[in-house]
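Peer 1: need a 3D model of the following:
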Amino acid sequence: MGREHWKKIWVGSAGNMVEWFDWFVYASFATYFAGAFFPEGNDTAKLMNTAGIFAVGFFMRPVGGWLLGRVGDRKGRKAALTLTVTLMSASALLIAVAPTYSVAGYGGAAVLLIARLLQGLSVGGEYAASATYLTEASAPRHRGLASSFQYVSMTVGQILGLGLQIVLQRTMSDEALHSWGWRVPFIIGALGAAVVFYLRRNMLETEVYEELAEGGPDGVPAAEKGTIRALLAHKREAFLVIALTMGGTVAYYTYTTYLTKYLSNSAGLPKETATLVSFCALIVFAALQPLAGALSDRIGRRPLLITFALGSTFLTVPIMTLLSRAGSFWPAFGLSLLALVVITGYTSINACVKAELFPTGVRALGVALPYAVANALFGGTAEYVALWFKRSGAESGFYWYVAGCAAVSLIVYLTMRETRDIDLKTVGTRRGAPEPVGGGESDADPVPAR
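Peer 2: Next up is the predicted model:
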């Protein structure tokens, strides 16, 4: 890829990194601020309260996906990406200054809830805008490699959050962390988002979108760009996004956002050790993404997706069972890394696979809304479901739940067509003519068989 392509990928990824830093520090620091917003009680119950608010953020993601996906398709990818980081900065600042239960009762929890709603709106649009931007900004034969940087930046954001947590754990007392230290990452996140806002205001639009604005063949009438009506003309692809996301999002949030709490609350590891396990495993995980993305450019997307689904279906139960018995760093690290290697088959390429399904005029919305729905139903609730099983005394039931979601996605991967070689500029048009696709089930062939 040329220098201009890499510049676009860098700017898009930098913003995505800060967005997900803000998103994940909520989960990684929840064990410290859970007691700040709720009255004294069972530790698991307090974690369930904060996990519930975490899940609420996911239920705003479909709204954010719809609103910001529409902005991305009608006003451009740059406009959507700039708006998402503005919302994220505001939400991080709200959490940083939220009053505790001892000061304002449940008023602090209300502020926390509002902040998570704003984060849900932001991330609901960020994923699709970023996935679309990175996919369109890359050279055609390197879309898998380029789009893999979405999860590289997401993971780096989480690594920075965990790294900051490790530093704070080693420089502050446990009492100070529970009292006020947990506010530090949210202050940093708000400042980082302000910097990214400046970068995104000066970013370049993708050539694919600019050509559409000039009237290039796309299959979506200008008046219907970014609309639900246009999306319904591709409802088969929209349902495909939901189904192929189901297993991947549950597995991803299980082994990233929930892992630290699982190792601490279930395996009995000290919080510091659990955090270090996640930190080290995620560094390797981030490094694997471009390698897997580049591999998909050579052999196709489906082989990686199928490998992920097979591994998650058959390995989740034994991995989670052994993790619950891991008594030290190295066993926990090895098992966590094995799980993350498995889900790399999904994370490294899922952005480009979804973007490759839709025409340019509805691509941002087509990725955003179905993906956000799947995350609201499965990804955002994964931690809450895990804690519910634990509180019910049947924690192993969650392991089977994760494996079952992966099995559903496996069926989809086995039956879907390959997307590697499609032309982003003409996907969605009828064969032989650049006419718009009619309403109802699309009779276009956006994902040609290879």
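
Peer 1: F378 and V250 touch, don't they?
Peer 2: Yes - between F378 and V250 a contact is recorded at 4.9 Å, counting by CB atoms under 8 Å. In this view, the C-beta of every residue, glycine as well, is placed from N, C-alpha and C.

Peer 1: any residues in contact with both of these two?
Peer 2: C405 (CB atoms under 8 Å, 6 or more residues apart in numbering).

Peer 1: so the two - more neighbours on which side?
Peer 2: Neighbours of F378 and V250, each counted by other CB atoms under 10 Å, are more numerous for V250; the result is 31 against 25.

Peer 1: can you count the residues close to the nearest residue in space to the more buried one that is not next to it in sequence?
Peer 2: When the adjacent residues along the chain are set aside, V250 lies closest to C405, with 4.4 Å between them (CB to CB, 6 or more residues apart in numbering). C405 is flanked by 26 other residues according to other CB under 10 Å.

Peer 1: show the subsequent helix or strand relative to the strand or helix carrying L162.
Peer 2: Taking DSSP states H and E as the definition, one finds L162 inside helix 149-171. Counting by DSSP H and E, the next helix or strand C-terminal to helix 149-171 is helix 174-179.

Peer 1: for G345, give its distance to Q289.
Peer 2: G345 sits 11 Å away from Q289, taking CB to CB, to the nearest Å as the criterion.

Peer 1: could you do P62 as well?
Peer 2: Counting by CB to CB, the gap between P62 and Q289 amounts to 26 Å.

Peer 1: now swap in W66 and tell me
Peer 2: With distances taken as CB to CB, W66 is found 28 Å from Q289.

Peer 1: which elements pack onto the helix holding L162?
Peer 2: Using 3 or more CB pairs under 8 Å, 6 or more residues apart in numbering; DSSP states H and E as the contact criterion, the neighbours of helix 149-171 among helices and strands are helix 3-28, helix 107-137, helix 184-201, helix 271-299.

Peer 1: the more surrounded of W66 and Q289?
Peer 2: Per other CB under 10 Å, whichever of W66 and Q289 has more neighbours is Q289, with 24 against 21.

Peer 1: skipping adjacent residues, who's closest to the residue positioned nearest the centre of the chain in space?
Peer 2: Using CA atoms, centre = their mean, the residue of the chain that lies closest to the mean C-alpha position is Y127, 6.3 Å off. Once its chain neighbours are removed from consideration, Y127 has its nearest residue in Y371; the separation is 6.1 Å (CB to CB, 6+ apart).

Peer 1: just give me the neighbour total for that neighbour.
Peer 2: Using other CB under 10 Å: Y371 sits among 28 other residues.

Peer 1: so it is in contact with A243, correct?
Peer 2: No - because the distance of 11.2 Å does not satisfy CB under 8 Å, Y371 is recorded as not touching A243.

Peer 1: low pLDDT regions in the protein?
Peer 2: In the predicted model of the chain, residues 1-2, 38-51, 54-55, 213-219, 428-450 satisfy pLDDT under 70.

Peer 1: repeat that for 50
Peer 2: Low-confidence segments of the chain, defined by pLDDT under 50, span residues 430-450.

Peer 1: now the strands: where do they sit in the stretch 201-350 of the chain?
Peer 2: Ranges of strands within the stretch 201-350 of the chain: none, based on DSSP state E, counting those that start in this stretch.
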